[in-house]
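structure for the following, please:
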Amino acid sequence: MPSFADTFLQRLDAVLDGAGIPRGAPVLAAVSGGADSTALLHGLVRLGRAVAAAHFDHQTRNGASADDARFVAEACGALGVPCAVESAPVADLARAHGRSFEEEARLLRYAFFRRCARERGIAVCATGHHADDQAETVLLRLLRGTGPRGLAGIARERGEGELRVVRPLLGFRRDELRGWLEGEGLPWREDATNARPVAERNRVRNSLLPELARAHNPEIIRALARLAETAALENAHWEREVGRALAAAARPGGGTPLRAFSLEVLRGCSPALRRRVWAALMEDE
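Numbers count the residues shown, from 1 in each chain. Sure, this is the predicted structure:
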């Protein structure tokens, strides 16, 4: 019977193969130093995948984020993995640009990942998002009010400019990843702010989801992750149907999509398709 370590690596390898990532193709691993991305980094190396790492220091937690950067650089050095590190005062830049911290951080982080990938000739970036992240995202969107698109949560892959971003750990639980690291004697960094009930995601992670698991469904994480997977599949189907409807209703030389659209095509559409077609038209207007 294969060990848990072997099972983790086999599952990860199968996900990468299923994503169409050739074994010889280099992958840029986005490594924060936390358990999830650290497991991803070590997993890629142990599978013999060609890997480079990128770490973005947000200059937070009174200097503790710089310790994360050093940890990642040292871990990569020990593994023989090329590692690029960039740092920026995200909170200050967010205030200056009138953005939330999360939005500013994401823009800076992915711009950095795109540069790293381009400089190294890498087409794929892998992040450490896992099933617990997925469940938190879906529940947060439900609480805020969302539609079918929002229920899909974190996409298994998406384009970030010229860079393909994949999430090979979405099928793994947080505890699975930590258990693998502990079993292999591999350290990671803990972000102490994750335990503070300040951010909405922290409250969902540390209070709401545990209460739902205790009082309603012990497998609430898996249930929400399955919901996201189902929603993603159905959204893909409806996007194809919307594309067909738009193509069938287009009028040559009609200008913008909304003005060029023949309303007659909606008469034969189901209410569900009609709503999605209208949404697509309004987005493009």
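
give me the distance between E182 and C116.
30 Å (CB to CB, to the nearest Å). (C-beta placed from N, C-alpha, C; glycine too.)

between the two, which one's more packed in?
Using other CB atoms under 10 Å, the more surrounded residue of E182 and C116 is C116, with 24 against 12.

how about low-confidence regions in this protein?
1-5, 251-262, 284-285 (pLDDT under 70).

where do the helices of it begin and end?
Along the chain, the segments classed as helices by DSSP state H run 4-18, 35-46, 64-79, 90-97, 101-120, 131-144, 148-151, 174-183, 200-203, 209-215, 220-249, 257-260, 271-284.

buried deepest among these, which one?
Of all those, helix 35-46 carries the top mean neighbour count, a mean of 23, counting by mean count of other CB atoms under 10 Å.

distance from that one to the middle of the chain?
How far helix 35-46 lies from its chain's middle: 16 Å, per CA atoms, centre = their mean, to the nearest Å.

E190: neighbouring residues, count only.
Residues near E190, counting by other CB under 10 Å: 13.

pull up the gap between it and P271, please.
For E190 relative to P271 (CB to CB), the value is 49 Å.

kindly report the same for H216.
32 Å.

chain center to stretch 192-212, what's the gap?
Distance, centroid of stretch 192-212 to centroid of chain: 19 Å (CA atoms, centre = their mean).

list the contacts of L47.
9, 12-13, 16 (CB atoms under 8 Å, 6 or more residues apart in numbering).

turn these into a markdown table, columns for distance to G43.
Formatted as a markdown table, the contacts of L47 follow (distance: CB to CB, whole Å):
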| residue | distance to G43 |
| --- | --- |
| L9 | 6 |
| L12 | 5 |
| D13 | 8 |
| L16 | 9 |
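
quick one: which of those residues is nearest A25?
For these, the residue nearest A25 by CB to CB is L16; the value is 9.5 Å.

tell me who's in contact with the closest one.
27, 47, 49, 168.

again with D132
173-174, 205, 221.

which stretch among the helices of the chain comes nearest A53?
helix 64-79 (4.9 Å).

what is that closest one packed up against?
helix 35-46, strand 51-57, strand 83-87 (3 or more CB pairs under 8 Å, 6 or more residues apart in numbering; DSSP states H and E).

and it, how far out from the chain middle?
Using CA atoms, centre = their mean, the offset of helix 64-79 from its chain centre is 22 Å.

and G48, how far is that from R23?
In terms of CB to CB, G48 sits 7 Å off from R23.

repeat for A245
40 Å.

and T137, by the same measure?
Distance from T137 to R23, by CB to CB: 30 Å.

equivalent analysis for D6, please.
D6 is 18 Å from R23, by CB to CB.

OK, contacts around the nearest residue to T127 once chain neighbours are set aside?
Excluding its sequence neighbours, the residue lying closest to T127 (CB to CB, 6 or more residues apart in numbering) is A30, at 4.6 Å. Applying CB under 8 Å, 6+ apart, we find A30 in contact with 37, 53-56, 109, 113, 125-128.

repeat that for E103.
Counted by CB under 8 Å, 6+ apart, E103 has contacts A94.

sorry, back to before: okay if I get the contacts of A30 as TSV plus distance to E86?
Listed next are the contacts of A30 as TSV, based on distance: CB to CB, whole Å:
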residue	distance to E86
S37	16
A53	12
A54	8
H55	8
F56	5
R109	9
F113	10
C125	14
A126	18
T127	16
G128	18
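
quick check, nearest of those to L151?
T127 (20.4 Å).

count of residues packed around the closest one?
24.

skip the chain neighbours and tell me the closest residue to I21.
Using CB to CB, 6+ apart, the closest residue to I21 is V124 (5.9 Å).
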